Structures are given as C-alpha cells and as structure tokens.
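Novice: structure of the sequence below:
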Amino acid sequence: MQPPWLAHKEEVVMIVLGIVLLLVGFVAKISILWTIGIVLIVVGLVLVLLGRTGRPVGGRAHYF
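Specialist: Prediction:
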C-alpha cells in the first residue's frame, strides 16, 4: 500500500516543480519562472482536490 502523498504522484510532481520554479525565480529575479511556478502549484492543487473527491468530475473518473 502506498502512502497517501504518493497516491497521486503526477500532481505531487507538478506541485514540487512549481515550488522549485518559484524558488529559482525568486532567487534569480526571473519573473516568468515565478509566474509559471505559481500556475503549476495552483493547477497541481486543483487536480489533487478533484482527484480526491472520489467521484467523476467533468466526465472523467481520474485525472492522469
């Protein structure tokens, strides 16, 4: 059995990539990386929430 945080690994990868881009964008003062990082975090969190509802959302049973 997988731990709960590995159940949706695509979304977790998206969130981690967003955090990395946020940090790199902040340190290097590159605003496009900062923006892309925020977008990836938000999309990853939305997909995690939709995936954990346990019901099909938007006609799809799974988002992967």
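Novice: quick one: Phe26 is in a helix?
Specialist: Yes. Assessed with DSSP: H, G, I helix; E, B strand; the rest coil, Phe26 lies in a helix.
Novice: and it, what does it touch?
Specialist: Trp34 (Cβ atoms under 8 Å, 6 or more residues apart in numbering). C-beta: built from backbone N, CA, C; applies to glycine.
Novice: gap between it and Thr53?
Specialist: Distance of Phe26 to Thr53, computed by Cβ to Cβ, to the nearest Å: 32 Å.
Novice: count of residues packed around Gly44?
Specialist: Neighbours of Gly44 under the rule other Cβ atoms under 10 Å: 21.
Novice: list the buried ones in the host helix or strand of it?
Specialist: Per DSSP states H and E, Gly44 falls inside helix 31-51. Buried residues in helix 31-51, counted by 16 or more other Cβ atoms under 10 Å: Leu33, Trp34, Ile36, Gly37, Leu40, Ile41, Gly44, Leu47, Val48, Leu50, Gly51.
Novice: shouldn't the second one be in contact with Val20?
Specialist: Same thing as Trp34. No. Taking contacts as Cβ atoms under 8 Å, Trp34 lies outside contact range of Val20: 11.7 Å.
Novice: so Gly51 touches Val12, yeah?
Specialist: No. Between Gly51 and Val12 there is no contact under Cβ under 8 Å: 10.9 Å.
Novice: taking the mean pLDDT, what do you get for stretch 40-54?
Specialist: In this model, stretch 40-54 has an average pLDDT of 81.
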